[in-house]
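Q: Structure for the following, please:
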Amino acid sequence: MKTYILNEPGDTTHLQISDQPKPRVSGNDVLVRVKAISINPVDVKTRAGKGVYGRLKTLDPIIIGWDIAGIVEETGDQVTGFKAGDEVFGMINFPGHGKAYAEYVSAPARHLALKPANISFEDAAAATLAALTAYQVLVKKAGVQAGDKVLIHAASGGVGHFAAQIANHLGARVTGTSSAQNRDFVLSLGINEHIDYQTNALEKREGYFDFVFDAVGGSTIERSIPLIKSGGTLISIPTGISEAALARAKALNVEAYFYLVESNGDDMIKIADWLATGVIKPTVSKTFPFEDMALAHKAVESGRTIGKVVVYIK
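A: Purely as a prediction, here's the structure:
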């Protein structure tokens with residue numbers, strides 16, 4: 001089978017296409033013939049030697065990627081929830097060795113869900129890591145409820161556009177930030193208000209929000225802490241929280257912490273249900289054939305795409 005090997009970290013030229021044996025499955029694993037792969041910022045960071053590269057650097061070969069949608073070809077002898085021919089999707093072994101950049105992937109059955117019939121493989125792949133992150137942060141960690149005032153940074157991005165839809169579904173009053181050119185897209189997600197992050201409009205909301213979902217990191221964290229009311233929370237997904245930011249949060253009685261998504265099939269089943277019923281809808285702004293993986297990485301690396309970037313395999 002064709003796959004991409006990361007021989008050493010670096011630019012996109014370090015993603016080398018290679019012929020590898022098709023994985024064998026046993027026990028609780030499922031062999032999936034991959035039809036679509038979602039590309040995330042963590043893919044780009046890991047390729048460059050950051051992200052979760054430190055967890056993988058001693059492996060040989062390193063095959064990055066975690067988000068897949070495809071067709072079950074074979075199941076292990078202990079698998080009961082799937083059969084050959086099933087259309088499935090999921091985030092595989094994150095933050096471990098996902099091996100998703102391949103024509104076939106061996107995946108733990110507990111990381112997969114059946115793909116809803118009403119969505120494409122590309123849309124299903126898009127609704128894995130990004131949708132799971134939004135779900136786990138908003139529902140399982142922050143416990144967002146109806147009436148909460150929620151701020152979502154980078155609401156036009158991969159995680160952000162799912163977070164906006166989920167927070168709206170939960171009944172929160174949702175504000176989303178993006179550039180001015182993405183305002184209409186962000187408002188189309190059903191949120192209450194858009195704020196251009198390049199202006200100082202946010203600073204006028206001091207002590208207003210119950211919860212801030214940070215998908216940007218860095219100085220955005222420091223900028224956001226004063227916007228949260230006493231007893232509120234900020235969760236950041238791209239970076240940790242600096243000591244200075246933690247001290248500022250503590251002084252304002254705000255909880256601030258970093259969260260890393262984890263593979264979870266039960267959560268994928270919830271995502272599948274929301275996709276089937278239209279609660280959430282993926283936006284795939286760019287698609288690339290498997291042979292153009294480098295171009296997909298460059299698109300994500302640009303930081304200028306809305307929604308998701310997906311690679312498809314014919």
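
Q: Just checking: what are the partner strands of the longest strand along the chain?
A: Ranked by residue count under DSSP state E, the longest strand found in the chain is strand 29-39. Partner strands and pairing direction for strand 29-39 (DSSP bridges) are strand 67-75 (antiparallel), strand 104-108 (antiparallel), strand 308-312 (antiparallel).

Q: The ones you listed: which one's closest to Lys141?
A: Ranking the strands paired with strand 29-39 by proximity to Lys141 (C-beta to C-beta) places strand 67-75 first, at 20.6 Å. C-betas here are computed from N, CA, C, even on glycine.

Q: And for His194, the neighbour number?
A: 23 (other C-beta atoms under 10 Å).

Q: so where does the spatially most central residue of the chain fall, helix or strand?
A: Central residue of the chain (C-alpha atoms, centre = their mean): Ala130, 2.0 Å from the mean position. Applying DSSP states H and E as the criterion places Ala130 in helix 129-135.

Q: Show me what that helix is packed against.
A: helix 158-169, helix 265-277 (3 or more C-beta pairs under 8 Å, 6 or more residues apart in numbering; DSSP states H and E).

Q: Look up the pLDDT of Val174 for me, please.
A: Reported pLDDT at Val174 in the predicted model: 98.

Q: can you tell me which residues contact it?
A: Under the criterion of C-beta atoms under 8 Å, 6 or more residues apart in numbering, the contact list for Val174 reads Val150, Ile152, Ala164, Ala167, Asn168, Gly190, Ile191, Asn192, Glu193.

Q: what angle do the helix or strand harbouring Met293 and strand 29-39 make?
A: Here Met293 sits within helix 293-301, counting by DSSP H and E. Per axes from the mean of the first three to the mean of the last three C-alpha atoms, to 10 degrees, the angle that helix 293-301 makes with strand 29-39 is 60 degrees.

Q: Tell me the spacing between Ser38 and Ala163.
A: As defined by C-beta to C-beta, to the nearest Å, Ser38 lies at a distance of 16 Å from Ala163.

Q: quick one: Ile306 and Thr283 touch, right?
A: Yes: counting by C-beta atoms under 8 Å, Ile306 touches Thr283, with 6.3 Å between them.

Q: what sits in contact with each of those two?
A: His161, Phe185.

Q: hey, where'd the helices end up in the stretch 101-250 of the chain?
A: 121-126, 129-135, 158-169, 183-187, 219-224, 243-251 (DSSP state H, counting those that start in this stretch).

Q: Dump the ones you listed into CSV; add mean pLDDT and distance to Gly96 as well.
A: Shown next, in CSV, are the helices of the stretch 101-250 of the chain (pLDDT from 0 to 100; distance: least, C-beta to C-beta, whole Å):
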stretch, mean pLDDT, distance to Gly96
helix 121-126, 98, 19
helix 129-135, 98, 13
helix 158-169, 98, 20
helix 183-187, 98, 33
helix 219-224, 96, 27
helix 243-251, 97, 28
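
Q: Could you dump the ones you listed into CSV with distance to Gly90 added?
A: Formatted as CSV, the helices of the stretch 101-250 of the chain follow (distance: least, C-beta to C-beta, whole Å):
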stretch, distance to Gly90
helix 121-126, 9
helix 129-135, 9
helix 158-169, 15
helix 183-187, 27
helix 219-224, 30
helix 243-251, 33
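
Q: Of those helices, which is nearest Leu6?
A: Closest among the helices of the stretch 101-250 of the chain, once you apply C-beta to C-beta, is helix 129-135, at 17.8 Å.

Q: ok now that closest one, how far from the chain's centre?
A: 5 Å (C-alpha atoms, centre = their mean, to the nearest Å).

Q: contacting residues around that helix?
A: 38, 40, 42, 66-67, 91, 94, 158-160, 162-163, 166, 213, 237, 259, 261, 263-264, 267-268, 270-271, 280, 282, 308.

Q: Please repeat the previous calculation with a cut-off of 7 Å.
A: Applying C-beta atoms under 7 Å, 6 or more residues apart in numbering, the external contacts of helix 129-135 come out as 38, 40, 66-67, 91, 94, 158-159, 162-163, 166, 237, 261, 264, 267-268, 270-271, 280, 308.

Q: again, but for stretch 50-63
A: 3-6, 9, 42, 45-46, 95-97, 99, 101-102.

Q: Point out the most buried one among the helices and strands packed on helix 129-135.
A: helix 158-169 (a mean of 28; mean count of other C-beta atoms under 10 Å).
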